[in-house]
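# 3D, please:
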Amino acid sequence: MSTKTNWTLGKELEKLAGAHSTKGALRKFGLLGAEEDDFELISAPEGWYRSGAETYLYRFRVRKEGVETPLVLKACVAYSPPTTLEAILHNWMERRELLSSRGVLTPKLYAWGYGEVLEEDVLFDLDGLLQKPDPPSDSLLLAMADVAGVIASLGFLPIGLFGDLRSHGEDVVVVDFGQDLGPPSVAKDDNPQIFDQLLEHLSKKGALVSETLRQRMRSVFDAQRHLKLQ
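Residues are numbered from 1 along each chain as shown. Alright, predicted model coming up:
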């Protein structure tokens with residue numbers, strides 16, 4: 001992220017892609033076909049904004065032929081004097097890949113470097129879905145239990161992770177790989193407390209979970225958690 005007054009989205013995309021034009025950058029990212037020339041970058045009105053202790057976000061869309069692709073630039077501003085921003089970002093990418101290797105959904109990644117990530121903007125805040133008047137679907141809650149089980153099995157000790165999740169509507173997408181998730185392989189037991197953290201989060205958001213569904217969620221959680229023992 002740059003604070004210079006001559007900053008433009010197009011220049012930032014060109015830097016990330018190592019391209020000489022915005023069109024060339026979009027083609028490198030796979031957002032524009034080789035024969036396509038017409039596109040429009042539509043920035044969200046808020047511009048750059050602080051989204052947490054470690055990140056700023058810049059949301060925008062690429063429009064071509066009437067179709068819009070929602071994207072987000074994520075700038076890492078984590079402070080750790082012995083460690084460079086690139087090293088911090090590299091750790092985020094490793095955690096992301098580790099979760100993906102176990103089937104956890106993450107946003108589509110287009111590029112990363114220079115302390116930034118360019119990725120799909122997953123449209124729904126999961127907490128917003130949990131707080132709708134209609135109760136969340138069983139499939140959504142089971143998906144949350146599945147993600148919690150994977151995180152437990154990999155030895156993460158997350159802080160507030162469940163408030164950072166997003167969704168396309170019925171799935172669960174992990175978008176934060178920084179301090180709230182932390183490094184893997186640090187838990188000294190099989191980490192069952194993460195399921196209690198999940199239930200506590202759901203309760204705080206007013207999402208009702210029947211005893212039958214809670215048992216199903218626990219079975220899904222345990223199935224993933226015990227995979228590390230195999």
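# roughly how far does the residue nearest to the spatial centre of the chain sit from residue 166?
A centroid search over the chain (C-alpha atoms, centre = their mean) returns residue 175, at 1.0 Å, as the residue closest to the centre. Separation of residue 175 from residue 166 (C-beta to C-beta, to the nearest Å) stands at 5 Å. (Glycine included, C-beta is placed from N, CA and C.)
# joint contacts of those two?
In terms of C-beta atoms under 8 Å, 6 or more residues apart in numbering, residue 175 and residue 166 are both contacted by the residues 107, 122.
# what sits against residue 49?
Neighbour list for residue 49: 56, 57, 58 [criterion: C-beta under 8 Å, 6+ apart].
# redo the residues you listed as a markdown table? Include neighbour count.
Formatted as a markdown table, these follow (neighbours: other C-beta atoms under 10 Å):
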| residue | neighbour count |
| --- | --- |
| 56 | 17 |
| 57 | 19 |
| 58 | 22 |
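# Throw those into JSON lines and include secondary structure, pLDDT and distance to residue 203, thanks.
Output for the contacts of residue 49, formatted as JSON lines (DSSP: H, G, I helix; E, B strand; the rest coil; pLDDT from 0 to 100; distance: C-beta to C-beta, whole Å):
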{"residue": "56", "secondary structure": "strand", "pLDDT": "96", "distance to residue 203": "31"}
{"residue": "57", "secondary structure": "strand", "pLDDT": "97", "distance to residue 203": "28"}
{"residue": "58", "secondary structure": "strand", "pLDDT": "98", "distance to residue 203": "34"}
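# would you state the strands of the protein in chain order?
Along the chain, counting by DSSP state E, strands occupy 40-43, 49-50, 55-64, 67-76, 109-113, 116-120, 124-125, 166-167.
# residue ranges with poor pLDDT in this structure?
1-5, 228-230 (pLDDT under 70).
# one more time with 50, if that's ok
229-230 (pLDDT under 50).
# ranges for the helices of it?
9-17, 22-28, 85-101, 126-130, 138-153, 193-204, 211-225 (DSSP state H).
# from the chain's centroid, how far away is stretch 31-51?
Distance of stretch 31-51 from its chain centroid, counting by C-alpha atoms, centre = their mean, to the nearest Å, is 19 Å.
# that stretch: end-to-end distance?
Using C-alpha to C-alpha, to the nearest Å, one end of stretch 31-51 lies 25 Å from the other.
# buried set for that stretch?
31, 32, 39, 48, 51 (16 or more other C-beta atoms under 10 Å).
# pull the most distant pair out of those residues.
The largest separation in the buried residues of stretch 31-51, counting by C-beta to C-beta, is between 32 and 51 at 26.9 Å.
# which one of the buried residues of stretch 31-51 is nearest residue 75?
residue 48 (7.4 Å).
# show me what contacts the closest one?
By C-beta under 8 Å, 6+ apart, the neighbours of residue 48 are 1, 56, 57, 58, 75.
# contacts only, for the last one.
The contact partners of residue 75, taken as C-beta under 8 Å, 6+ apart, are 1, 48, 55, 56, 57, 58, 115, 116.
# residue 48 versus that one, what's the distance?
In this view, residue 75 and residue 48 are 7 Å apart by C-beta to C-beta.
# residue 161 is in contact with residue 179, isn't it?
No. If you go by C-beta atoms under 8 Å, residue 161 and residue 179 don't touch, sitting 10.4 Å apart.
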